[in-house]
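*Asks:* how would this look folded up:
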Amino acid sequence: MGKGVFPRDGLWNAAVDYDFECRYADGLVMRVASNNHCPQGVRFIGEKGWVHITRGGLQTEPDDLRTTVIGPDEIHLARPKGDHRQGHRRDFLDCVKTRSQTVTPASIGHHSVIPAHLGNIAMILGRGIRWDPKAECTIGDEQANRMLDRPPRSPWHL
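*Replies:* Residues are numbered from 1 along each chain as shown. Now for the predicted structure:
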């Protein structure tokens, strides 16, 4: 659920000011907001504090959360090589040439952007929505489900 300000005219219809929360089944809360509400990026809020991530860095509360060591049996995220500003683009181009797997496969990109799309739908509708991650549809909300896809522009079709 959240709120957003959408332009009434111009070249795009994406929210120019936004603030929404995603609440996961395990209790994790993720807040996504524009600079008008908090520093740009994404904030994960847990029982022991929060982690705020932007393209420019990482902030934590409490401060010592930043130095927590991730154990060998815990999830470790892969990182593209080189400059973080060019990393994923460079990795993609290198993988096109070598036919190797990108550090972030398409399925990870798909699942990573779902909260943004759902937040956008919730802001447009002006209400919260519930998501079924297995079926990849909203629960009991046909209006929101219709917003999950749109017809491709001609001449493209599925």
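
*Asks:* Figure out how far stretch 87-105 is from the centre of its chain.
*Replies:* 20 Å (C-alpha atoms, centre = their mean, to the nearest Å).

*Asks:* meant to ask about stretch 122-141
*Replies:* Offset of stretch 122-141 from its chain centre (C-alpha atoms, centre = their mean): 15 Å.

*Asks:* what pLDDT, on average, does it get?
*Replies:* When pLDDT is averaged along stretch 122-141, the result is 95.

*Asks:* Same check on stretch 110-119?
*Replies:* So the average pLDDT for stretch 110-119 ends up being 92.

*Asks:* residues making contact with that stretch?
*Replies:* With contacts defined as C-beta atoms under 8 Å, 6 or more residues apart in numbering, stretch 110-119 is touched by 2, 18, 20, 22, 30, 32, 104, 129, 131, 133, 136, 138, 148. No exception for glycine: its C-beta is placed from N, CA and C like everyone else's.

*Asks:* out of those, who's nearest Pro62?
*Replies:* Closest approach between those and Pro62, by C-beta to C-beta: Met30, at 18.8 Å.

*Asks:* Report all helices and strands that the helix or strand where the closest one lies contacts.
*Replies:* For Met30, the host element (DSSP states H and E) is strand 29-33. Where contact means 3 or more C-beta pairs under 8 Å, 6 or more residues apart in numbering; DSSP states H and E, strand 29-33 is packed against strand 17-23, strand 41-46, helix 106-125.
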